[in-house]
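Asker: 3D model of this:
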Amino acid sequence: MPILNRASELQSEATEWRRHLHANPEILYDVEETAAFVAARLREFGVDEIVTGIGRTGVVGIIEGTAKGPTIGLRADMDALPLEEITGKPWASTTPGRMHACGHDGHMAMLLGAAKHLAETRNFAGRVAVVFQPAEEGGRGALAMVEDGMMERFDIAEVYGMHNMPGKKAGSFAIRKGGIMAAPDKFSLKITGRGGHAAEPHNTTDTIVIGAQIVAALQTIAARNANPLRSVVVSVTQFHAGTTHNIIPEEAFISGTVRSLDEKVRDLAERRIGELAAGIAAAHGAEVDYDYERNCPVTVNHPKETEYAARAAIDVVGADEVDTEVDPSMAGEDFAFMLQSRPGAYIMIGNGDTAGLHNPSYDFNDDILAAGISYWVRLAEQRLPR
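Answerer: Down below sits the predicted model:
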């Protein structure tokens, strides 16, 4: 099955939705206008049941098939990022300091297009739950919807997600079994020593020297502690200390991120950061306070559901345009919480040669909307055959 004729017909309308959403970005859970826009479109399509306020501001629409059967969930994220857009496009953000720099506007438009087609044709046995989630960008909106009882309330048996991928051929797909997105954790260290005059370092406990040694030592976690076949990234992204050129500061602050695709490696990194920092600080007579914050878990695609998703993508664009063994990304994705709650899979759709995600020059590629709509429709019809 190639790209649906109906999806191609919906391309223009979906583009209008996408550009409206792009021009009106909202952040985290404060997506009331976005959610209202989504709910209004679902009502226009004749979706059977529309529930708002799931996970605070999430929206779920239920589309009934022509016969009884299970329910599958199709998820899109709604929130934007706190960035200043520099694209100069006619549909650029109208809200200073906010923009859809991750393509969630396109994700919503593709799922809305699929919802419209599925509500028109109902060529499936069971129910399709179209899930529009808030707060993917660091707010754990997926977890909020799960904890709000979404899976049980709508009897969702399987759940699927999709995200655009800049740099990959427009409209192609990529997926893999197992870990596809990393667990994105963060850590912080506060080093306390003894400050003093920079001309008398022997009378101080130099927190900058200690911090520099800690930064260097943290790189050994990936290089010498972790199994080289089990990926982990430990990146220091902040180092703050001192106020002037001639004073050795009393305190220094270090923070960064850990990205892992394996829970055992995640545990290892958390433990070793604390051990290395404490050991180095103690060797110099300083103290260190350590905090490690776990964000979402590894996004793990279930084996059978990954095969279902890949088959749907292949039916739309052909086997040559679907990479079923894509390298995992060390970025994070809170859809992981939904995949912990129900079996499912997360797939990437190529955005073409565009700026990268979370970049102020990024824009979603409207040319891929029809492929994304077709994928959702084909997946729903395959998983819920009449």
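Asker: Point to the residue nearest the middle of this structure.
Answerer: residue 333 (3.0 Å; C-alpha atoms, centre = their mean).
Asker: Show me the shaky parts of this structure.
Answerer: Along the chain, segments meeting pLDDT under 70 span 1.
Asker: go with 80
Answerer: 1, 3-4, 6-7 (pLDDT under 80).
Asker: what are the bridge partners for residue 125, then?
Answerer: residue 67 (DSSP bridges).
Asker: right, and it touches residue 64 too?
Answerer: No: between residue 125 and residue 64 there is no contact under C-beta atoms under 8 Å: 10.0 Å. From N, CA and C alone the C-beta is placed, and that goes for glycine too.
Asker: who has more neighbours, these two?
Answerer: Taking neighbours as other C-beta atoms under 10 Å, residue 125 and residue 64 compare with residue 64 leading, 18 against 15.
Asker: Tell me how far the more buried one lies from residue 297.
Answerer: Using C-beta to C-beta, to the nearest Å, residue 64 is found at 33 Å from residue 297.
Asker: repeat for residue 32
Answerer: Distance from residue 32 to residue 297, by C-beta to C-beta: 28 Å.
Asker: Give me the domain ranges for the chain.
Answerer: Under the assignment automatic domain parsing, the domains of the chain span 5-177+302-383, 182-293.
Asker: Off-centre distance for the helix or strand encompassing residue 36?
Answerer: Assigned by DSSP states H and E, residue 36 falls within helix 32-45. Distance, stretch centre to chain centre, for helix 32-45: 22 Å (C-alpha atoms, centre = their mean, to the nearest Å).
Asker: Give me the buried stretch members for it, please.
Answerer: 34-35, 37-39, 41-42, 45 (16 or more other C-beta atoms under 10 Å).
Asker: contacts for that helix?
Answerer: 17, 20-21, 24, 26, 50, 52, 57-59, 61, 78-79, 108, 112, 115-116, 119-120, 130, 132, 134 (C-beta atoms under 8 Å, 6 or more residues apart in numbering).
Asker: From those residues, list just the buried residues.
Answerer: 17, 21, 24, 26, 50, 52, 57-59, 61, 78-79, 108, 112, 115-116, 119, 130, 132, 134.
Asker: In strands, which of these fall?
Answerer: 50, 52, 58-59, 61, 130, 132 (DSSP state E).
Asker: Determine which two of these are furthest apart.
Answerer: Farthest pair in these (C-beta to C-beta) is 52 and 130. Separation: 12.8 Å.
Asker: returning to that earlier point: quick check, the residue nearest to the centre of the chain in contact with residue 348.
Answerer: No: applying C-beta under 8 Å as the test, residue 333 and residue 348 come out as separate, 10.6 Å apart.
Asker: rewinding a little: restrict the helix holding residue 36 to CA atoms and write it as CSV.
Answerer: Presented in CSV, the C-alpha positions along helix 32-45 are these (Å, rounded to 0.1, in the frame of the first residue of the first chain):
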residue,chain,number,x,y,z
GLU,A,32,-4.6,24.8,26.9
GLU,A,33,-5.1,26.5,23.5
THR,A,34,-3.2,23.7,21.7
ALA,A,35,-5.4,21.1,23.4
ALA,A,36,-8.5,23.1,22.6
PHE,A,37,-7.5,23.2,18.9
VAL,A,38,-6.9,19.5,18.9
ALA,A,39,-10.2,18.7,20.6
ALA,A,40,-12.1,21.0,18.2
ARG,A,41,-10.7,19.3,15.2
LEU,A,42,-11.6,15.8,16.6
ARG,A,43,-15.1,17.0,17.2
GLU,A,44,-15.3,18.2,13.5
PHE,A,45,-14.1,14.8,12.4
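Asker: Can you give me the buried ones in stretch 363-371?
Answerer: Result for stretch 363-371 [16+ other C-beta under 10 Å]: buried residues 363-366, 368-371.
Asker: Serialize those residues to CSV and add fields for distance to residue 278 and secondary structure.
Answerer: Converted to CSV, those look like this (distance: C-beta to C-beta, whole Å; DSSP: H, G, I helix; E, B strand; the rest coil):
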residue, distance to residue 278, secondary structure
363, 46, coil
364, 45, coil
365, 48, coil
366, 52, helix
368, 49, helix
369, 52, helix
370, 55, helix
371, 51, helix
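Asker: tell me which of the residues you listed is nearest to residue 199?
Answerer: Nearest member of the buried residues of stretch 363-371 to residue 199, counting by C-beta to C-beta, is residue 363, at 53.9 Å.
Asker: For residue 257, give me its contacts.
Answerer: Counting by C-beta under 8 Å, 6+ apart, residue 257 has contacts 184-187, 233-235, 237.
Asker: Just the buried ones from the residues you listed?
Answerer: The buried subset of the contacts of residue 257 (16+ other C-beta under 10 Å) comprises 184-185, 187, 233-234.
Asker: out of everything not next to it in sequence, what's closest to residue 294?
Answerer: Spatial nearest neighbour of residue 294, chain neighbours left out: residue 185 (5.2 Å); criterion: C-beta to C-beta, 6 or more residues apart in numbering.
Asker: CA atoms only: put stretch 99-107 into CSV for me.
Answerer: Coordinates of each C-alpha in stretch 99-107 appear next as CSV, following Å, rounded to 0.1, in the frame of the first residue of the first chain:
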residue,chain,number,x,y,z
MET,A,99,8.9,27.8,19.3
HIS,A,100,8.1,24.4,18.0
ALA,A,101,11.8,23.4,17.6
CYS,A,102,11.2,19.6,17.9
GLY,A,103,8.4,19.1,15.4
HIS,A,104,5.6,18.4,17.8
ASP,A,105,3.4,20.6,15.6
GLY,A,106,4.0,18.2,12.8
HIS,A,107,3.4,15.2,15.0
